[in-house]
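[1] need a structure here:
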Amino acid sequence: MKKKLLTFGSYVLVAVLASALTLASTGGIAAGSSKLDQLEDLILERFIAGADQTELEDAAAAAMVAATGDRWSYYIPADEYEAYQEQMANAYVGVGITILAGEEGEGFQIMEVTSGGPAEEAGLLADDVLIRVENQDVREMDASQVRNYVRGEEGTFVSLTVLRGEEELTFSVERRQIQSPVATGTLLEDNVGLVTIENFDSRCAEESIAAIESLLEQGAQRLVFDVRSNPGGYSDELVELLDYLLPEGDLFRTERYDGQEHVDTSDASCLEIPMAVLVNADSYSAAEFFAAALQEYGAAVVVGTQTCGKGYFQTTYQLNDGSAVALSIGRYFTPNGISLIDIGVVPDVPVEVDEDTAAEILYGRLEPQEDPQIQAAVNALK
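    Sure, this is the predicted structure:
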């Protein structure tokens, strides 16, 4: 019995000491502060290895947004907010190249060189492999790090070293304001106009309508809209383009978190010409609603693969430290009042492609006559 009492007494002593240590360690924390504030203060003041406050807050903010369970809401750190704004504006200061990370340690393949941009003028070509920026080896970096090295103040020059086959070449390239093309038009055989829309961000409606009218002037009698791998964008750009294409009626319905509802409508003016829309699983947001609206009005046949099914819209709020959050604040619906959440748009003409073909399409490496989905759309219009 004595041994048991001694053992029990030792447990009590340990518990008392632990309590004393716990009480001592919580001293000085403001009782009225939130759990996150308390935790941040503890880590910054007492974590033995030290911590970076910005990294802590970025991680906490990203985790809070992720905890909503909404795949469409996301956190934007302050050091990435400028790039985010550039993306939404379809304009940035840079050299005009699109890169893709190769195998580890192999560098970054240049997938596309912007026509008329400084990189093209300097002599860079698609398929060159970027290995150094300003003599800094980039082969072990991620794409965002490389982007930060390449970009800089407008009017300055950056040294880019690439591998072209076995040859190593270095170019001095001027950084300039570059507007990324949003919509382009190509006249195909049999008077079919192909309008490729990259996104629905700034200038989408303006450039899409300009591309359509140019094709009509060239003799286009049918139109194919390509919104495959289009991530969507602004609803006002979507509505403006749909208003140009469709007759009088409802175009786009929204319902906000506070119960407010809104319906955008079209006037009687419209484009009366046979149309098709190309979609795939990476046609998001405004891109799939563009296809859905044309499909519901009977104005276009939809070709390709089922879209992703995004039914929430986001508003971006900038926070005090320069970071931001894009938060889902409402739902949107097709002209017929249908939500696409987890359903998407089902093509009238399903056309699957294998992974290799999908990659060739994504990077613009297939001519229209070699693209099975474009050809299916053309045949559907016949």
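
[2] Distance check, the spatially most central residue of the chain against N280.
    Closest to where the C-alpha atoms of the chain average out (CA atoms, centre = their mean) is P231, at 5.6 Å. For P231, the distance to N280 equals 12 Å [CB to CB, to the nearest Å]. (Glycine included, C-beta is placed from N, CA and C.)

[3] Please export the C-alpha coordinates of stretch 62-73 as PDB.
    Once non-C-alpha atoms are left out, stretch 62-73 reads as follows in PDB (Å, rounded to 0.1, in the frame of the first residue of the first chain):
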ATOM      1  CA  ALA A  62      -4.500  30.100 -46.400                       C
ATOM      2  CA  ALA A  63      -5.500  27.500 -43.900                       C
ATOM      3  CA  MET A  64      -8.600  29.500 -42.900                       C
ATOM      4  CA  VAL A  65      -9.700  29.800 -46.500                       C
ATOM      5  CA  ALA A  66      -9.000  26.100 -47.200                       C
ATOM      6  CA  ALA A  67     -11.100  25.200 -44.100                       C
ATOM      7  CA  THR A  68     -14.200  26.500 -45.800                       C
ATOM      8  CA  GLY A  69     -14.000  23.400 -48.000                       C
ATOM      9  CA  ASP A  70     -14.600  25.600 -51.100                       C
ATOM     10  CA  ARG A  71     -12.200  24.800 -53.900                       C
ATOM     11  CA  TRP A  72     -12.900  28.100 -55.600                       C
ATOM     12  CA  SER A  73     -11.900  30.500 -52.700                       C
END
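
[4] Residues touching that stretch, excluding its own?
    Applying CB atoms under 8 Å, 6 or more residues apart in numbering, the external contacts of stretch 62-73 come out as 74-75, 310, 312, 314, 325-328.

[5] Let's see which of these end up in helices.
    Among the contacts of stretch 62-73, DSSP state H puts none in helices.

[6] roughly how far is stretch 105-112 from the heart of the chain?
    The chain centroid and the centroid of stretch 105-112 are separated by 20 Å, computed with CA atoms, centre = their mean, to the nearest Å.

[7] which outside residues touch that stretch?
    97-102, 119, 124-131, 138-140, 143, 146, 162-163, 363-364.

[8] Just the buried ones among these, please.
    Neighbour counting by 16 or more other CB atoms under 10 Å classes 97-99, 119, 124, 128-131, 138-139, 146, 162-163 among these as buried.
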